[in-house]
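Asks: Sharing a sequence plus its predicted fold:
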Amino acid sequence: MHVVEIEVHEITVPYRDWIAYPLDHYYGPTRRTVYVAHTDSGLSGLGEGGSAEPQEVIDQYLGSNPFEWIGDETSLALGTAMYDLMGQAAGVPVYQLFGQKYRSWIPVGAWTVSTHPDHMAEAVLRYADLGYTWLKYHLSPFENVFDQTAAMQEVAPPGFRVHYDFTMHGTDDHIPDLLARLAEYPIAGCFEDALPPGDIEGYIDLRKRSQLPIVLHHFPLGATYEVLMGAADIYMLGHARIGDAQKKAGLFAAAGKPFMLQNVGGAITRAMVCHMMAAFPTATFHCHNDYETWAADVVAERLDPVNGFVRVPEQPGLGLTLDREALERLKALKLPAKNRWIIKSRFENGTRLYAIADPAHSIFMVRPDRSRNLPPMSYAAPIATEYWDDDGSKEYRAMFARIEREGMVLERG
């Protein structure tokens, strides 16, 4: 059996209507690449990723036997397609290619962006209704985290938890005190990347202080010695290639540490993550794929959770069926790029802050300190933010031009 063809399809995927407004302002339209790999035996395997792999990478898979890619360390997306082919050829679900199954149901979490407290509350309600019990978001100093948490707490069903991602810090907050205040809310569940990644001693100390689990995603030592040193309670691998994830899974198992995979994509990505986490001994923490944010997909099956868990597919391969009509529809979908827009923030004392947000550089929304244009900010500041799109007014044009000249605008109320 050899791979004789690999189809490459770039698609645009629409957001669900209720979440489209904030996500479009953060990121603009989302694109990803779907691969359909064919063998000379008539099998087809599915994979997906972000931007398309270079042709020289794709060429490595053409003419090969899919089983040559066990423990693939070259491409997560194409490696997924190879595992789909291997499972189909062997007549077994993909998880059996990694080892014995440890679990049949995989914990999954939902995701949103930091925005107005009313939207955060809506996200809790909608995701709980879809079967999720965890919601993750990256904190932003353009919103008050306690206002957001209080709004989410008010509507959350019992047992629903929030996964706070601090994106490796970036404010003037005293993190131990901030985490202690957040931990007082029943909805608070865990804290991810609350310190810069190189501050291993700080993480060790933070674990002793925090009442809730500390999650580490970014590893200065490649998820090796910091794990042995006990820098976190839970570990996260983001878009790790299959072979790399296998190696780290062995280390986490030896250390007895829970971990999860965070690979963003649609049903193809979620299926592969579920198969891997089914066979990795300590992969017991909720994974994230952002699958729940998109209104369409390219496969016939749904992988929605029940009480926070997704059932691992038992069919050969990934257990998915390509929907050609949906694929062609998403290939043809053209969504306009989101223009830059003005962040219009107001402090309780009346002070107003104006800055420019660019969906092409979304990190600014959660780490504005990297721009060097804004003063030190805080997640606990009494601040609320509006999204000011170009409304064609003279006021908008004048403010936009002023921000471009000055870097930001800060005015008394």
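Replies: Yep, that arrived.

Asks: Quickly note the distance from Thr293 to Lys136.
Replies: 12 Å (CB to CB, to the nearest Å). Placement of C-beta: from N, CA and C, glycine included.

Asks: what sits in contact with each of these two?
Replies: Common neighbours of Thr293 and Lys136 (criterion: CB atoms under 8 Å, 6 or more residues apart in numbering): Trp111, Thr112.

Asks: where in the stretch 51-200 of the chain is pLDDT low?
Replies: Scanning the stretch 51-200 of the chain for pLDDT under 70 picks out nothing.

Asks: which residues in the stretch 201-350 of the chain form strands?
Replies: In chain order, the stretch 201-350 of the chain shows strands spanning 214-216, 234-238, 259-262, 309-311, 341-347, with DSSP state E, counting those that start in this stretch as the criterion.

Asks: Which elements pack onto the last one?
Replies: Strand 341-347 sits against strand 352-357, strand 383-388, helix 394-406, with contacts defined as 3 or more CB pairs under 8 Å, 6 or more residues apart in numbering; DSSP states H and E.

Asks: List the buried residues of it.
Replies: By neighbour count with 16 or more other CB atoms under 10 Å, strand 341-347 contains the buried residues Trp341, Ile342, Ile343, Lys344, Ser345.

Asks: ok, the fourth one touching Asp389?
Replies: In other words, Lys344. No: counting by CB atoms under 8 Å, Lys344 does not reach Asp389; the two are 10.3 Å apart.

Asks: Tell me where the stretch 1-150 of the chain has strands.
Replies: Remark: strands assigned in the stretch 1-150 of the chain by DSSP E, counting those that start in this stretch are 3-13, 30-39, 44-49, 105-107, 110-111, 134-138.

Asks: can I get those strands in JSON lines with distance to Asp358 and mean neighbour count?
Replies: As requested, those are exported to JSON lines (distance: least, CB to CB, whole Å; neighbours: other CB atoms under 10 Å):
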{"stretch": "strand 3-13", "distance to Asp358": "19", "mean neighbour count": "16"}
{"stretch": "strand 30-39", "distance to Asp358": "16", "mean neighbour count": "20"}
{"stretch": "strand 44-49", "distance to Asp358": "24", "mean neighbour count": "25"}
{"stretch": "strand 105-107", "distance to Asp358": "34", "mean neighbour count": "21"}
{"stretch": "strand 110-111", "distance to Asp358": "21", "mean neighbour count": "26"}
{"stretch": "strand 134-138", "distance to Asp358": "16", "mean neighbour count": "22"}
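
Asks: Any idea which of those gets closest to Ala20?
Replies: strand 30-39 (10.4 Å; CB to CB).

Asks: Might you quantify the distance of the closest one from its chain's geometric centre?
Replies: Centroid separation between strand 30-39 and its chain, computed with CA atoms, centre = their mean, to the nearest Å, is 20 Å.

Asks: what pLDDT, on average, does it get?
Replies: Strand 30-39 shows a mean pLDDT of 97.

Asks: for that strand, packing partners?
Replies: For strand 30-39, the contact count by 3+ CB pairs under 8 Å, 6+ apart identifies strand 3-13, strand 44-49, helix 76-90 as packing neighbours.

Asks: any chance of these in JSON lines, with distance to Pro141 too?
Replies: Shown next, in JSON lines, are those (distance: least, CB to CB, whole Å):
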{"stretch": "strand 3-13", "distance to Pro141": "29"}
{"stretch": "strand 44-49", "distance to Pro141": "31"}
{"stretch": "helix 76-90", "distance to Pro141": "32"}
